[in-house]
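# A structural model of the following input is requested.
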Amino acid sequence: MLGLLLNRLVKQGTLTVIQPNGETVAFGFGEPHLTIRLHDRRAAFDLIRHPDLMLGELYTDGRLTVEHGDIADVLSLLMMNLAMVQPGGLHKIIRRFRTFTRRFAQFNPAKKSKEHVAHHYDLNGHLYDLFLDRDRQYSCAYFSAPNETLEEAQIGKKRHIAAKLHLDRADLKVLDIGCGWGGLALDLARDANANVLGITLSEEQLGIARDRAEKAKLSENCRFELVDYRALGGQYDRIVSVGMFEHVGAPFYDAFFAKARDLLADDGVMLLHTIGRSDGPGSTNAWMAKYIFPGGYVPAMSEVLTAVERSGLIVTDVEVLRLHYAETLKEWRRRFMANRAEAAKLYDERFCRMWEFYLAGAEMAFCHDGQVVFQFQIVKNQTTLPLTRDYMVDAERTMRFAGTEQMPRPLRVV
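The predicted model follows:
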């Protein structure tokens, strides 16, 4: 049965499967030539039964190994071929079923959201030092020139976002929803003279962000709190959220944007940066939901825009970043593999295989499976911003040519 499945799927490239008894079978034709080994007889049955879940589980558990190439190569080959296959009737039924049941998979009330965040972000803090940039930016970088380093591209991402926030005066009150380890919030407080509140549900991130603010002598105008966005009150001149919306869950989109409307000042600007899907609403990969981001979901643009419309907010700008995240993940994976021995000391070999599969799978989803990044600029009042996008370009250019290592002054557009 596995042979029939692979024979229908693999048309470009060659995948050789070594079975537990040593027998080899090759599927497809031409480059690349990759080889995997199944280590027990049940592995093939498990793959057929639930490929979305079991490919990752088999690799994580060591029941499937890659003999020629690596797991990123294998995932690239499979996703590339899968993208060329017209979905059959059974596939469509399964997809509709998963879309229908996602309300239960993405049940993210406040208490559950904290548990889901802790599952991923409250891991040993040193793990993230092994593959992220120095500022611990754990979201898509912005590669604006050839041969940029990850550090340069992550600074570029922050500049790109800051330009869209239209930081036109000092002392703006800024809310960072899902602030991570505080890098963007600290830059806005220091370089735009803003009063920033960063919120997170990760205790690990909170501790590091507060420590960074104290060391930078920014604690007075850059605070960090462990709080769910739904519990906030007051109003903010600017709201920014980077890489958090993927954890909201489609059933809670209306609540998210209704709260954003309440928190945003009448002349305020919001910038939402989120992973998205270019092929319409869907469901979360089973392995990713179980092992990496429980409760997570990557939205289609239509799902975001309709929720914004229902909230009464106005979208003033949309940008789609296509292969930027593939390049980001490629570098994260390279760094993680270079520091794999250190990761094994923190956890174990099984964890390292799981993390490698996560980074490789995410990278290939951006290369072959329609994953992109959306940046939505949102306001309450259509007269809030200039009529052309020149102010974004001017602000970003000013920041870029200031030439400092951090996101440089001035951020404000005059």
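# next, residue 373: secondary structure please.
Under the three-state scheme (DSSP: H, G, I helix; E, B strand; the rest coil), residue 373 adopts strand.
# what strand or helix carries residue 198?
Using DSSP states H and E, residue 198 falls within strand 195-200.
# for that strand, packing partners?
strand 173-177, helix 183-191, helix 203-215, strand 222-226 (3 or more C-beta pairs under 8 Å, 6 or more residues apart in numbering; DSSP states H and E). To be clear about C-beta, it is placed using only N, CA and C from the backbone, and glycine gets the same treatment.
# the first one - what's its average pLDDT?
Pointing back at strand 173-177 there. Summarised as a single mean, pLDDT over strand 173-177 is 98.
# likewise the third one?
Over the span of helix 203-215, the pLDDT mean works out to 96.
# check the nearest residue to residue 55 once chain neighbours are set aside and give its pLDDT.
Distances taken as C-beta to C-beta, 6 or more residues apart in numbering place residue 47 nearest to residue 55, at 6.4 Å, with adjacent residues excluded. Listed pLDDT for residue 47 reads 93.
# before we move on, back to that, and the angle from the strand holding residue 198 to helix 183-191?
Interaxial angle of strand 195-200 relative to helix 183-191 (axes from the mean of the first three to the mean of the last three C-alpha atoms, to 10 degrees): 170 degrees.
# got a list of what the spatially closest residue to residue 181 that is not a sequence neighbour touches?
Spatial nearest neighbour of residue 181, chain neighbours left out: residue 136 (4.2 Å); criterion: C-beta to C-beta, 6+ apart. Neighbouring residues of residue 136 by C-beta atoms under 8 Å, 6 or more residues apart in numbering: 128, 129, 180, 181, 183, 208.
# on the three-state scheme, residue 136 is what?
Using three-state DSSP, the secondary structure recorded for residue 136 is coil.
# which SSE is residue 5 in?
helix 2-9.
# which residues does that helix contact?
Helix 2-9 is contacted from outside by 15, 17, 25, 27, 44, 45, 47, 48, 78, 81, 82, 85, using C-beta under 8 Å, 6+ apart.
# buried subset of those, written for PyMOL?
Remark: buried members of the contacts of helix 2-9, expressed as a PyMOL selection using 16 or more other C-beta atoms under 10 Å:
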select buried, resi 15+17+27+44+47+78+81
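# which member of the contacts of helix 2-9 is positioned nearest residue 238?
In terms of C-beta to C-beta, no member of those lies closer to residue 238 than residue 82, at 40.8 Å.
# per-residue confidence at the closest one?
Reading off the model, residue 82 has pLDDT 92.
# contacting residues for it?
9, 368, 369.
# and for the first one, the neighbour number?
Read that as residue 9. By the criterion of other C-beta atoms under 10 Å, residue 9 has 17 neighbours.
# any idea how far it lies from residue 205?
40 Å (C-beta to C-beta, to the nearest Å).
# show me the chain divided up by domain.
The chain breaks down by automatic domain parsing into domains covering 2-82, 110-402.
# most tightly surrounded among those?
Among those, domain 110-402 has the highest mean neighbour count (mean count of other C-beta atoms under 10 Å), at a mean of 19.
# what ranges do the strands span in the protein?
13-18, 24-29, 33-38, 64-68, 173-177, 195-200, 222-226, 236-242, 264-277, 314-321, 371-379 (DSSP state E).
# in a markdown table: those, plus distance to residue 393.
Converted to a markdown table, those look like this (distance: least, C-beta to C-beta, whole Å):
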| stretch | distance to residue 393 |
| --- | --- |
| strand 13-18 | 41 |
| strand 24-29 | 46 |
| strand 33-38 | 44 |
| strand 64-68 | 45 |
| strand 173-177 | 22 |
| strand 195-200 | 24 |
| strand 222-226 | 27 |
| strand 236-242 | 19 |
| strand 264-277 | 16 |
| strand 314-321 | 12 |
| strand 371-379 | 14 |
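# out of those, flag the one nearest residue 350.
Nearest to residue 350, of the strands of the chain and by C-beta to C-beta, is strand 64-68 at 12.9 Å.
# and the closest one, what does it pack against?
Using 3+ C-beta pairs under 8 Å, 6+ apart: strand 64-68 touches strand 33-38, helix 51-60.
# got CSV for these, with distance to residue 339 too?
Listed next are those as CSV, based on distance: least, C-beta to C-beta, whole Å:
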stretch, distance to residue 339
strand 33-38, 25
helix 51-60, 19
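# between those, which gets nearest to residue 192?
With C-beta to C-beta, the closest approach to residue 192 among these belongs to helix 51-60: 41.5 Å.
# helices or strands up against that closest one?
Where contact means 3+ C-beta pairs under 8 Å, 6+ apart, helix 51-60 is packed against helix 42-49, strand 64-68, helix 286-291, helix 349-368.
# against which helices or strands is the last one packed?
When contacts are defined as 3+ C-beta pairs under 8 Å, 6+ apart, helix 349-368 sits against helix 51-60, helix 71-82, helix 286-291, helix 324-338, helix 340-346, strand 371-379.
# what's the angle from it to strand 64-68?
Relative orientation of helix 349-368 versus strand 64-68 (the same axes, to 10 degrees): 70 degrees.
# low-confidence stretches in the stretch 51-200 of the chain?
By pLDDT under 70, the weakly predicted segments of the stretch 51-200 of the chain are 86-122.
# that older thread, pretty sure the residue nearest to residue 55 sits against residue 54.
Yes - counting by C-beta atoms under 8 Å, residue 54 is a contact partner of residue 47 at 5.3 Å.
# returning to that earlier point: select, out of the helices and strands packed on strand 64-68, the one closest to residue 314.
helix 51-60 (37.4 Å).
# thinking again about what came up before, figure out which of the strands of the chain is closest to residue 147.
Per C-beta to C-beta, nearest to residue 147 of the strands of the chain: strand 314-321, 18.5 Å.
# Throw the contacts of residue 82 into CSV and include pLDDT and distance to residue 391, thanks.
Shown next, in CSV, are these (pLDDT from 0 to 100; distance: C-beta to C-beta, whole Å):
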residue, pLDDT, distance to residue 391
9, 92, 49
368, 96, 36
369, 94, 35
